[in-house]
Structures are given as C-alpha cells and as structure tokens.
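*Asks:* quick check, what structure comes out for this input:
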Amino acid sequence: MKKIVVLLWLVILTACMGCQSTSGPAQPLIGITSVYKVDNQNNSASTMVGFAYVEAVAENGGVPVVLPTVTNEEILQRYVQELDGLVLVGGADIPPSAYDQQPHETVKVLPMQRYNFERKLISLWLSAGKPLLGVCLGMQFTNVVSGGSLIQDIPSQVGTDVTHRRKYHRVRIEPGTLAEILGAEEALVYSNHHQAVDKLGKKLKVIAHAEDGVIEALECIDCKFGLFVQWHPEKMEDTEHRNAIYGALIRACSARN
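*Replies:* Purely as a prediction, here's the structure:
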C-alpha cells in the first residue's frame, strides 16, 4: 500500500511539474520537508508539516510541494532534479552520534526514517547548488551534514539569559545578505529550540547571534542562495519579516528559471 501511495504521489508531482502557464513564467516549485511520525499503538506512520510553511511559500509566489520521507535514491534524485527550491523545516533532535558525541539527557532524537532521508537530501541539494532555506532544525541539520557539531542543550550548556523556546528575543545581524533582506541589522524573532550550532560546518558563514552568543543564522558561502535561520519566520506575527525571508527564497528560484 505504501508503495502505491508513493508512486501515485510521483505521478501527480510529475504532472504538476510538466504544467506551464501560458500567461507568464512558471511559478517555482518549492519542496518542503516533512515530519515523520510513528504511531506504535496502531502500527502506522504519517507524514505531516505545519501549514504555516505552506502558506509562507504560496503567499510569496511559490508552489509548495510537501516531500514525504522516502529514502529511495531514484526519488531523491527526482526531488533534486525537478524542484526549484527547498525549505528544511523544524523538528526533533539530530542523533549526537552524527557529530561524534554522546547524547545529553535532554535530547529527543527524530525518527531514523526522517534522519536518513533528510541527511541524503541535504547533501544532494547542496551539491546541486539550488536555492535553500533552512529553518530551526533545518539550519542545524545542514551544519551537521556539512561537518559541524551542535550545542546539545542551551539552558545547561550556555545559560538562561535568553529564552529560546517558544519565545521572542532579539538577534544581531551582520552586514550582508540577511541584513539587506530584512532591511535591518537587528530583529525581534520567534524561536522554539534548545539546541544550536557549535562547531561550524564547511562552506558556512555565521551571520547572526542572539544576545547570549548563540548562533542564530548562517549563510552558504558557495550557494547562489543558501540561508539558514534558527527562528521561525513563518510563525511570526510580523508578516513583513516572514515575507522578506520566504520572498527572498522565491525570488532566488525565479531568477534561475
């Protein structure tokens, strides 16, 4: 049954990818990673994503395509080949073994189905050099795939001067791409995380910090557009901030078409 559902989804996606508007340029197709949840009681699993990600992409001119965590290599290659851009969403924690550490007691590891899928997808996507936006876990995951490591628990390893879970706080932004996108070198952002980037991965650049020194944003050095934020712009009440970030991704994808 699962195989039939995946094949049907691919048929629909392929048909969509073949559609071209006769009235103007095609809207870019934006893949959105998903959360894989296992229901052990009913021996079933589900794929889902917060609708705020979908709305943020659609409202800024992209066509949102939610990506099931299918680890088939051929399907992964099709994702990378056919999609114009990618949003890496938030979620649970990356296995600390991925960066050669033992788990802190607060770590709640995401399902291996999603871990294996997203690890491969990020690697392939970075190699392809297509526009990429990483949100929360998406930023952390990209850093680990790029050879970096994480602070496993901010409250116990950094401190509690800044509350990073389900709170707004200020970030300082370095002059450059993100500051230009937001039109400011400081922002009030909403975040929900207990981990953060520690050792920086290859070909990544730190572009924002919280007041406690926690790294809040990264940029891909070799990408035409590779932006990673530790906060959730799609969940913010400030629609101008949300649209600035997601709009920048869509514009980067449109420029490639």
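*Asks:* separation between residue 216 and residue 93?
*Replies:* 18 Å (CB to CB, to the nearest Å). From N, CA and C alone the C-beta is placed, and that goes for glycine too.
*Asks:* neighbour count winner among those two?
*Replies:* Taking other CB atoms under 10 Å, residue 216 and residue 93 do not tie; residue 216 has more neighbours (29 against 21).
*Asks:* which neighbouring elements make contact with the helix or strand where the more buried one lies?
*Replies:* Using DSSP states H and E, residue 216 sits in strand 215-220. Other helices and strands packing on strand 215-220, by 3 or more CB pairs under 8 Å, 6 or more residues apart in numbering; DSSP states H and E, are helix 137-145, strand 165-173, helix 177-182, strand 196-197, strand 204-210, strand 226-229.
*Asks:* all strands for the chain, in order.
*Replies:* Ranges of strands in the chain, per DSSP state E, are 29-33, 35-39, 44-48, 63-67, 85-88, 132-135, 150-151, 165-173, 186-192, 196-197, 204-210, 215-220, 226-229.
*Asks:* quick one: mean pLDDT for the first one?
*Replies:* Mean pLDDT, strand 29-33: 98.
*Asks:* helices or strands up against that strand?
*Replies:* helix 51-59, strand 63-67, strand 85-88, helix 239-256.
*Asks:* quickly run through the sheet partners of the third one, with directions.
*Replies:* Using DSSP bridges, strand 85-88 pairs in its sheet with strand 29-33 (parallel), strand 132-135 (parallel).
*Asks:* can you get me a residue count around the nearest residue to residue 201 once chain neighbours are set aside?
*Replies:* Nearest residue to residue 201 in three dimensions, chain neighbours excluded: residue 146, at 2.8 Å (CB to CB, 6 or more residues apart in numbering). Neighbour count of residue 146, defined by other CB under 10 Å: 17.
*Asks:* thanks a lot, catch you later.
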